[in-house]
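[1] pasting a predicted model and its sequence here:
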Amino acid sequence: MITVTSARGAEPAIDTVGIGRSTSVARLRDTVAELRLRLQAARSDPERRAEVGYDRGKVVRIFDPTIRPGKSLSAERDVVRRHDDILKILREMGPFRLVGALAGPELAEKLEHLLNTHPNFREATEFLLQEEALARRRGTGICGVKLLLHGAPGVGKTDYALRVAEVLGLPFQVIGMSSAQASASLAGSEEYWGNTQPGCVWQSLVVAGLSGGQVGLSGGQGIANPLFALDEIEKSNRGAGDPLGALYQLLEDTTARVFADKSVPWLPVDASNVNWFATANDVSALHPAILSRFVLIEPDPLTTDQLREIAQRIYKQMLNEFGLTDELENSLHVDALDRLAECSVRDIKRTLRQSIALALRENERCVRIPVPRNSSRRRPVGFVG
């Protein structure tokens, strides 16, 4: 390294040569890491290479690889060993992640298909189509969506979220908030606990793709914009802590860019690209600060004809699922459809499953639907499966 001194020789001048060289080395290292990421991803899932855009999609940095844990006040070897294990994972995975759900005509066409299959979720689908148009303009994927679907129970809100995840081709995870007792599921447990573990956000962004990762592409690398579905968010139990506490940071773009898991507080990660879907039967109990961070959409009620179509589609799906297309009639009779049209989507599935099983036991080709126990209740909203 060349040291440059001032003309008087009293004070050293800025070492521009050394700085330039280190910057070039860092830039070269980043380029190699990005190319390595694309190559590994393309090899891991060649059939989806064009769909996900491994060779042309955007790559983002989710953490700074130069950050190291500070000195721990604890002298326990377990703490040092844990830090070493985390640093090993960081080196293995690298700081870059691909952005999935690459916007383009193909993705827009798949989303538009939801307008037919899920007609009462039209407003939600239109919102996603708008996000696709913006992402296409930026040359990236659908990122940072925060959508809360609310309405009557058993209407298919979670199913719609999972269908969207399938269309987008993103890794996803459903988190049942009714059983969550603290924010550890999202943001990890405190580092000082002996059995501390990172939360699902850190795991999906940093560890996905490694053996045992829950939300990575099959055999491949992590994605910067996975989708999390927070099911029944209004039922979270606040008795032993606030399970929604981490959302105040994760749902705000500025703070999500420096999200620090409690189990790994020394390594902030960029979680601003994560997509969030939440479902709720009633949003009145949610804190206004949480609601303000979501786009709230309530599905429209379904017509009787749409409910009949739902029942027919679900029936055919079940015939294919159980390999019964040659054993049972391919379509339900009109009276069966009329009875199912008085049920919620959840009840339609349950009733059809039981009725198909009964037809098999009695060696009948015709599936008969019993009269609903409560046919006078208000017709709920739902989806066309």
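    Great, that's in hand. Every value quoted in this text rests on a predicted model; they were computed, and no experiment measured them.

[2] ok, residues contacting stretch 319-334?
    Contacts to stretch 319-334, defined as Cβ atoms under 8 Å, 6 or more residues apart in numbering, come from residues 311-312, 315-316, 318, 340, 356, 359-360, 365-367, 369. The C-beta positions use only the backbone N, C-alpha and C, and glycine is treated the same way.

[3] closest one of those to Gln197?
    Met318 (38.3 Å; Cβ to Cβ).

[4] so the closest one is in which element?
    Element membership for Met318 (DSSP states H and E) is helix 304-321.

[5] just the CA trace of that helix, in PDB.
    Below are the C-alpha coordinates for helix 304-321, written out as PDB (Å, rounded to 0.1, in the frame of the first residue of the first chain):
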ATOM      1  CA  THR A 304     -76.000 -18.100  -5.300                       C
ATOM      2  CA  ASP A 305     -74.700 -19.000  -8.700                       C
ATOM      3  CA  GLN A 306     -71.100 -18.300  -7.600                       C
ATOM      4  CA  LEU A 307     -71.600 -20.600  -4.600                       C
ATOM      5  CA  ARG A 308     -72.900 -23.300  -6.900                       C
ATOM      6  CA  GLU A 309     -69.900 -22.900  -9.000                       C
ATOM      7  CA  ILE A 310     -67.600 -23.200  -6.000                       C
ATOM      8  CA  ALA A 311     -69.300 -26.400  -4.900                       C
ATOM      9  CA  GLN A 312     -68.900 -27.900  -8.400                       C
ATOM     10  CA  ARG A 313     -65.200 -26.900  -8.600                       C
ATOM     11  CA  ILE A 314     -64.400 -28.200  -5.100                       C
ATOM     12  CA  TYR A 315     -66.200 -31.500  -5.900                       C
ATOM     13  CA  LYS A 316     -64.100 -32.000  -9.100                       C
ATOM     14  CA  GLN A 317     -61.000 -31.200  -7.200                       C
ATOM     15  CA  MET A 318     -61.800 -33.800  -4.600                       C
ATOM     16  CA  LEU A 319     -62.500 -36.400  -7.300                       C
ATOM     17  CA  ASN A 320     -59.000 -35.800  -8.700                       C
ATOM     18  CA  GLU A 321     -57.400 -35.800  -5.300                       C
END
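
[6] point to the residue nearest the middle of the chain.
    The centroid of the chain falls nearest to Leu227 when counting by Cα atoms, centre = their mean (1.1 Å).

[7] for Gly141, what are phi and psi?
    phi -110, psi 180 (degrees, to the nearest 10).

[8] again but with Val207, I slipped
    Torsion angles at Val207 (phi, psi; degrees, to the nearest 10) stand at phi -100, psi -20.

[9] ok so, going back, mind checking how far the helix holding Met318 is from the chain centre?
    27 Å (Cα atoms, centre = their mean, to the nearest Å).

[10] ok, stretch 292-302 next?
    18 Å.

[11] neighbouring contacts of that stretch?
    119-124, 127, 146-151, 155, 157, 247-248, 251-252, 276, 278, 283, 310, 379-383.

[12] end to end, how far does it reach?
    27 Å (Cα to Cα, to the nearest Å).

[13] could we number from 59 for the rest of this?
    OK, 59 is where the count begins now, so the last one is stretch 350-360.

[14] list the buried residues of it.
    Arg351, Phe352, Ile355, Glu356, Pro357, Pro359, Leu360 (16 or more other Cβ atoms under 10 Å).

[15] now do stretch 149-164
    Met151, Gly152, Pro153, Phe154, Arg155, Leu156, Val157, Gly158, Ala159, Leu160, Ala161, Gly162.

[16] of those residues, which is the nearest to Glu190?
    Of all the buried residues of stretch 149-164, Glu190 sits closest to Ala161, with 5.0 Å by Cβ to Cβ.

[17] and the gap between the closest one and Phe185?
    Computed as Cβ to Cβ, to the nearest Å, the Ala161 to Phe185 distance reads 14 Å.

[18] and for Asp122?
    Distance, Asp122 to Phe185, using Cβ to Cβ: 33 Å.

[19] same question, Ala399
    The gap separating Ala399 from Phe185 is 28 Å, by Cβ to Cβ.

[20] neighbour-wise, which of the two wins?
    Ala399 (21 against 15; other Cβ atoms under 10 Å).

[21] gap between that one and Val341?
    For Ala399 relative to Val341 (Cβ to Cβ), the value is 28 Å.

[22] domain ranges for this protein?
    Under the assignment automatic domain parsing, the domains of the chain span 74-358, 361-443.

[23] can I get those domains in a markdown table with mean pLDDT?
    Formatted as a markdown table, the domains of the chain follow (pLDDT from 0 to 100):
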| stretch | mean pLDDT |
| --- | --- |
| domain 74-358 | 81 |
| domain 361-443 | 84 |
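
[24] for the stretch 259-408 of the chain, what spans make up the helices?
    Using DSSP state H, counting those that start in this stretch, the helices of the stretch 259-408 of the chain run over residues 305-308, 311-314, 346-349, 362-379, 392-398, 403-419.

[25] nearest to Glu248, out of the ones you listed?
    Going by Cβ to Cβ, the one of these nearest Glu248 is helix 305-308, 15.7 Å.

[26] from the middle of its chain, how far away would the closest one be?
    15 Å.

[27] remind me what that helix packs against, helices and strands.
    helix 242-245, helix 311-314, helix 346-349 (3 or more Cβ pairs under 8 Å, 6 or more residues apart in numbering; DSSP states H and E).
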